[in-house]
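Visitor: Generate a structure from the sequence data that follows.
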Amino acid sequence: MIQVTPRIAIDPRELIETFVHASGPGGQNVNKVSSAVQLRFNVRFSPSLPEDVRARLVRLAGRRLTRDGDLVIVAQSHRTQARNRAEALERLFELIRQAAVPPVRRRATKPTKASKARHREAKSRRAMTKHMRGRPRED
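Guide: Down below sits the predicted model:
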């Protein structure tokens, strides 16, 4: 089991890695070696994820989530398979860590009496400034 957070551990058998040709750096090497990593993790059917974390992870994944519920992460910025593999795993774990933290609920607040008074004063001062820009009246 791979420990992601203190309460979430993922079985390595849930991760599917595919190595493909990278389009990034590597020179002639890029045509010979499949160094890019495509990491798949099924979010919808993973027994490792609690229900609340799963829901937040689906929202965080966005376009990286397939219709089948697979989260697909592609890493191809490095020249070696090992570094791309480590980067893909770290990106997956970072997404799971973000999803593991519940969002802080916003507490509704009201403006204070003093702030309302300051706001009204600023508005009237601004209105007077604009009023003074007009043409002088002839009486």
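Visitor: CA atoms for contacts and neighbours, from now on please.
Guide: Will do.
Visitor: For this structure, which element, helix or strand, carries the lowest mean pLDDT?
Guide: When the helices and strands of the chain are scored by mean pLDDT, DSSP states H and E, helix 29-32 comes last with a mean of 65.
Visitor: what's the following helix or strand past that helix in contact with?
Guide: Downstream of helix 29-32, the next assigned helix or strand under DSSP states H and E is strand 36-42. Under the criterion Cα atoms under 8 Å, 6 or more residues apart in numbering, residues 14-22, 68-78, 80-81, 84-85, 88-89 lie in contact with strand 36-42.
Visitor: Try it again at 6 Å.
Guide: 15-22, 69-76, 85 (Cα atoms under 6 Å, 6 or more residues apart in numbering).
Visitor: Same question for stretch 80-98.
Guide: So stretch 80-98 is in contact with 35, 37, 75, 76, 78, going by Cα under 6 Å, 6+ apart.
Visitor: residue boundaries of the strands in this structure?
Guide: 2-3, 9-10, 15-20, 36-42, 70-75 (DSSP state E).
Visitor: Save those strands as TSV, and put in mean pLDDT too.
Guide: Formatted as TSV, the strands of the chain follow (pLDDT from 0 to 100):
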stretch	mean pLDDT
strand 2-3	72
strand 9-10	78
strand 15-20	80
strand 36-42	85
strand 70-75	85
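Visitor: okay, now residue 85: neighbour count?
Guide: 23 (other Cα atoms under 10 Å).
Visitor: hmm, back to that, pull out the buried members of the contacts of stretch 80-98.
Guide: 35, 37, 75, 76, 78 (16 or more other Cα atoms under 10 Å).
Visitor: which two from those end up farthest apart in space?
Guide: Pairwise distances across the buried ones among the contacts of stretch 80-98 (Cα to Cα) peak at 10.1 Å, for the pair 37 and 78.
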